[in-house]
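In: Need the 3D shape of this:
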Amino acid sequence: MLRRTGLTLAAVVIPALALAPAASAADGEGLLGRPTDFEITMWGFGVIALFMILPVVLSLIQHRLETRKERAREQLERVRRP
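Out: Numbering: from 1, shown residues only. I've put the predicted structure just below:
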């Protein structure tokens, strides 16, 4: 388990470190060119939307899984009764 975690971490960190100079090269101009105020604003709104939508979606998934677990538990109790 620890080995897999280390490999995953290395697979994420090494490319990030390799691409970091290109992202901040040439007076803050990244791989996609010079950012405009509109692009920065839209990215900000995207981040806000992500953090609003993600908890709702994850909560819905958790609720569905909990409901399924309770149904399975009830069925097992019905089968186990003499």
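In: Now for Gln62, how many residues are close by?
Out: By the criterion of other C-beta atoms under 10 Å, Gln62 has 10 neighbours. C-beta coordinates here come from the backbone N, C-alpha and C atoms, glycine included.
In: Same check on Arg78?
Out: Residues lying near Arg78 (other C-beta under 10 Å) number 8.
In: do Ile61 as well
Out: For Ile61, the tally of surrounding residues (other C-beta under 10 Å) stands at 10.
In: mind checking the longest helix of the chain?
Out: Longest helix in the chain, counting residues (DSSP state H): helix 37-80.
In: For this structure, name the helix or strand with the lowest mean pLDDT.
Out: Ranked by mean pLDDT, DSSP states H and E, the weakest helix or strand in the chain is helix 25-28, scoring a mean of 65.
In: Run through the residues that contact the most centrally placed residue in the chain.
Out: By C-alpha atoms, centre = their mean, the chain has its centre lying nearest to Leu54, at 8.4 Å. Contact analysis of Leu54 by C-beta atoms under 8 Å, 6 or more residues apart in numbering lists nothing.
In: Which pLDDT value goes with it?
Out: Per-residue pLDDT puts Leu54 at 97.
In: And it, how close does it get to Leu65?
Out: Relative to Leu65, Leu54 is positioned 16 Å away (C-beta to C-beta, to the nearest Å).
In: Also Phe45?
Out: Applying C-beta to C-beta to Phe45 and Leu65 gives a distance of 30 Å.
In: Please apply the same query to Arg3.
Out: In this view, Arg3 and Leu65 are 29 Å apart by C-beta to C-beta.
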